[in-house]
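J.: Structure here, sequence nowhere to be found:
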């Protein structure tokens with residue numbers, strides 16, 4: 001199991017077998033009902049990674065040709081292939097979704113293996129950029145559309161980011177009590193995994209051994225104000 005919404009609906013992945021057909025399937029479990037398979041985009045494998053309060057599910061599935069794709073599944077409908085940043089012969093993967101049905105994750109862009117994306121219903125997949133390096137990866141999004149993940153900086157070190165309204169911020173530079181301003185080889189925030197509607201962010205440091213962290217907004221707008229490392 002990967003995620004649960006406020007109605008107690010659970011999604012994840014499970015081994016699957018039906019006669020001579022076997023594989024891995026994304027599942028949905030509603031309280032009081034049997035676990036159901038959410039199907040695939042044509043391949044043998046799928047998983048569900050997020051579910052919102054409207055019952056929309058996001059995850060990833062293999063196509064019949066072996067490529068992997070991020071998908072969005074509306075209740076009562078088939079999986080919708082969300083595509084990639086670089087056309088048909090590439091991969092994408094979903095990791096987070098909000099109550100507006102916006103999905104985030106990573107996609108190949110033709111030149112780099114990982115670029116963070118935002119897919120808003122009715123709009124093209126959007127490349128969220130990097131912190132100056134080649135790659136990025138989005139993990140979480142809140143209902144305000146703020147996105148978190150990791151991105152390479154100009155030294156090719158992955159750093160935790162906060163993206164809002166077209167701008168990607170290095171979270172290491174927004175944290176008021178982080179020693180050394182989050183620069184290598186000191187302690188730095190390597191990735192951000194989730195953000196809630198209050199703007200609180202959790203993730204892991206990039207230094208060894210990694211430590212879990214919680215960032216708490218100092219002011220109402222965490223994209224413009226400093227964040228506090230607990």
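T.: That came through fine. All values reported here derive from a predicted model rather than from experimental measurement.
J.: Low-confidence ranges, this protein, go.
T.: 180-181, 184, 220-230 (pLDDT under 70).
J.: please redo it, this time with the cut-off set to 80
T.: 20-21, 179-186, 219-230 (pLDDT under 80).
J.: Which residue ranges of it form helices?
T.: Under the criterion DSSP state H, the chain carries no helices.
J.: what's the burial count for residue 15?
T.: 8 (other Cβ atoms under 10 Å). C-beta here means a position set from N, CA and C on the backbone, and glycine is covered the same way.
J.: Next one: it from residue 161, what distance?
T.: 35 Å (Cβ to Cβ, to the nearest Å).
J.: got it, and residue 1?
T.: 27 Å.
J.: just residue 107 next, same as before
T.: Where residue 161 is concerned, residue 107 sits at a distance of 16 Å (Cβ to Cβ).
J.: that older thread, settle it for me: which of residue 1 and residue 161 has more neighbours?
T.: residue 161 (29 against 11).
J.: residue contacts, that one?
T.: Residues in contact with residue 161 (Cβ atoms under 8 Å, 6 or more residues apart in numbering) are 116, 131, 136, 148, 149, 150, 151, 168, 169, 170, 171, 192.
J.: Just the buried subset of those residues, please.
T.: Among the contacts of residue 161, those buried by neighbour count (16 or more other Cβ atoms under 10 Å) are 116, 131, 136, 148, 149, 150, 151, 168, 169, 170, 171, 192.
J.: So which of these is the closest to residue 215?
T.: residue 171 (6.8 Å; Cβ to Cβ).
J.: what is residue 37 paired to in the beta sheet?
T.: As for beta bridges, residue 37 partners with residue 27 under DSSP bridges.
J.: Would you check that it makes contact with residue 26?
T.: Yes - using Cβ atoms under 8 Å as the test, residue 37 is close enough to residue 26 to be in contact (7.2 Å).
J.: which of these two has more neighbours?
T.: The residue with more neighbours, out of residue 37 and residue 26, is residue 26; 28 against 14, by other Cβ under 10 Å.
J.: if I pick the more buried one, what's in contact with it?
T.: 11-13, 37-40, 46-48, 57, 59, 61.
J.: okay, those residues in CSV with distance to residue 121 next?
T.: CSV is the format used below for the contacts of residue 26 (distance: Cβ to Cβ, whole Å):
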residue, distance to residue 121
11, 19
12, 23
13, 24
37, 24
38, 18
39, 20
40, 21
46, 20
47, 21
48, 18
57, 14
59, 16
61, 18
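J.: out of those, which are buried?
T.: Of these, these count as buried by 16+ other Cβ under 10 Å: 11, 12, 13, 38, 40, 46, 47, 48, 57, 59, 61.
J.: between these, which is nearest residue 143?
T.: Comparing the buried ones among the contacts of residue 26 against residue 143 with Cβ to Cβ picks out residue 57 as the nearest, at 16.9 Å.
J.: Pretty sure that closest one sits against residue 48.
T.: Yes - with contact defined as Cβ under 8 Å, residue 57 and residue 48 form a contacting pair (5.0 Å).
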